[in-house]
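S.K.: Need a 3D model of the following:
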Amino acid sequence: MKELFDRSLLDLFEKLSFSEYVEKIRTGIKEPKWTGDYKWAKFEITRLWSPFSAIFVPLFVLLILCTLAFNEPVERMVVVDIIDPTPIEELDPVPEIEPLPTIQPDVVDFDASFDGNSEFQNDNAAFANEPFSPQPALADTVAIIKSPIMMRRILGSRSPGQKGSAMAKFGAPAGTEGAVMRALRWLKKNQNDDGSWNNVKPAMTGLALLAFLAHGDTPASEEFGYTVQKAIEWLQRNQEGNGHFKDRDDHDYSHPIAAYALAEAYGMTRVPSVRESAIKAIEVILKGQHMSGGWNYNCNHEDRDDTSYMGWCAQALKAAKLAELYSVGDDRLDKAMRRAIKGFKKNYRHGYNGGTFGYTSPGNTGLTGVGVLCLQLLGVPESKEVRNGLMSLEKTTFNWNGGGTYNKNYYWYYITQAKFHAGGAMWNSWNKKFSPVLVGNQTIIKEAILDVDGRLVDIGFWAMNKEITGHTDGVVMDTCLCVLQLEVYYRYLPTFQKPIEMVDDVAVVEDELDINIDI
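M.R.: Have a look, this model is predicted:
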């Protein structure tokens, strides 16, 4: 059987005579195309044509080229008519232009020296070894103001070119910026993949975003740009149609904090979508304000003015004002800020050793710093409530390990800013207390994250005692409040100006936009 099979295979390769070969091709090509004879004939024709075309086609082309080369050119006669040129008329000569005389500018003597109190003093020697986050000065990919004009009332001294000068001018001790950088890197490392921070996500994401913005970081920053961008996008994605935010706490402290962050983010980026989100959030605050000027939990209209909750609402309105969220002619924001002044004064109480602010009525609580700072930001830094409140705050100590169940760090956040805006001896005294204590109580994790140069660097955080139960939400909140205090030197310019207008016994201050052109 095997021999028969082998023989049948050999028959397929049996050599044909030339005439048989040609005849087989001729008959096969006439068969239907699906038959084996037709396919074999077509294959053989193709196989035979290939060497033929490879040899004879080039020879044919070469033959044509040789024929053309040896052909003698045919002479042709071309008749050319010569036309006499038309004479060109002579043009008038161009008059010689006399050069303009060179104008020499007047020389004016200018004294370039600065005294010790100059606002533009640039003494950065004390911070030569402080770590700074590298970032573009005034360029932005997603969002930042692209003009070289720096609106200092909006951004304070946050730009890289002015940060060191501000720290020197307002007395930042050595080590503060190092603690700030460690904290920002800790926040970066502990940011959730979706861009938020735990526990109450809208509030903690808002606080963390404020910490980066205060440092001058935007989506264009080299080291923290992506962190900032993710935080902004998370707040936008998780904002509901009515302006509130998902995953908020029971009293909705989250809302004014997140609104504050979005308003400030728009002020530093000018992204239209951020403006839209910020306005939706601020509208909730405007609609939730009582006729008395205060606010209650959840921005509801119950007859209760909560100084603590009001503090975040007032800061959000101030950020919205600085960011110019509302167009000219829309005075609702201005009216809300004027009413807020009355709201804070409603909870003020005068005493023998100064003045204090109560929780929901006139009294003596830890919220005096809230009332003082917010009245400063709202434009009445010279009011009696501010002056007397600052007097009572003179007794405040900064003891990190002190007792109590309320988070003193929450109160210090306001007090530090209030004393900074007051300036003078009061600020100098407080500055020597709070900054070294914060720097010394930061928990540092060595070589925990890569910086922009690929080097392992330290990170750090703050955490109050576990016994603390009031005004606290864990390590993220404590870290954000501490880093915001250490950024006070360049976060905002101090409110030293006096009120310029009185409306119904309420001072109204229009923020001057000091323009500083960096060339």
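
S.K.: Would you mind listing the buried residues in the helix or strand containing Asp458?
M.R.: Assigned by DSSP states H and E, Asp458 belongs to strand 456-461. Residues Val457, Asp458, Ile459, Gly460, Phe461 are the ones in strand 456-461 that count as buried (16 or more other C-beta atoms under 10 Å). Placement of C-beta: from N, CA and C, glycine included.

S.K.: Closest one of these to Ala319?
M.R.: Comparing the buried residues of strand 456-461 against Ala319 with C-beta to C-beta places Phe461 closest, at 25.3 Å.

S.K.: For that closest one, which residues are in contact?
M.R.: Ala183, Trp186, Gln442, Thr443, Val475, Asp478, Thr479 (C-beta atoms under 8 Å, 6 or more residues apart in numbering).

S.K.: mind checking how far the second one is from Pro219?
M.R.: So the one you mean is Trp186. 20 Å (C-beta to C-beta, to the nearest Å).

S.K.: Same question for the first one.
M.R.: Distance, Ala183 to Pro219, using C-beta to C-beta: 20 Å.

S.K.: Sort out for me which of the contacts of Phe461 are in strands.
M.R.: Of the contacts of Phe461, the ones assigned to strands by DSSP state E are Thr443.

S.K.: The strand holding Asp458 pairs with which strands, and in what direction?
M.R.: Here strand 456-461 is paired, per DSSP bridges, with strand 443-450 (antiparallel).

S.K.: which residues sit against the partner strand?
M.R.: By C-beta under 8 Å, 6+ apart, strand 443-450 touches 182, 185-186, 188-189, 456-463.

S.K.: how about a cut-off of 7 Å?
M.R.: When contacts are defined by C-beta atoms under 7 Å, 6 or more residues apart in numbering, strand 443-450 is touched by residues Arg182, Arg185, Lys189, Leu456, Val457, Asp458, Ile459, Gly460, Phe461, Trp462, Ala463.

S.K.: Now the last one: closest residue in space, sequence neighbours ignored.
M.R.: Right, the one you point to is Ala463. Val475 (4.5 Å; C-beta to C-beta, 6 or more residues apart in numbering).

S.K.: my guess is the one you found contacts Gly460, does it?
M.R.: No. Counting by C-beta atoms under 7 Å, Val475 stays clear of Gly460, with 11.1 Å between them.

S.K.: Walk me through the domains of this structure.
M.R.: 24-50, 137-505 (automatic domain parsing).

S.K.: for the ones you listed, which one ends up most surrounded?
M.R.: domain 137-505 (a mean of 20; mean count of other C-beta atoms under 10 Å).

S.K.: how far away is Pro160 from Phe420?
M.R.: Taking C-beta to C-beta as the measure, Pro160 falls 21 Å from Phe420.

S.K.: How about Thr396?
M.R.: Between Thr396 and Phe420 the computed distance is 14 Å (C-beta to C-beta).

S.K.: Please report how far Asn441 lies from Thr479.
M.R.: As judged by C-beta to C-beta, Asn441 and Thr479 stand 11 Å apart.

S.K.: Give me the common contacts of those two.
M.R.: The contact sets of Asn441 and Thr479 overlap at Trp462 (C-beta under 7 Å, 6+ apart).

S.K.: what sits up against the helix or strand containing Tyr490?
M.R.: For Tyr490, the host element (DSSP H and E) is helix 488-491. Residues outside helix 488-491 that contact it (C-beta under 7 Å, 6+ apart): Gly156, Ser157, Arg158, Lys163, Ala166, Met167, Phe170, Ala172, Ala214, Thr416, Gln417, Phe420.

S.K.: again, 8 Å this time
M.R.: 156-158, 162-163, 166-167, 169-172, 176, 214, 216, 416-417, 420, 484.
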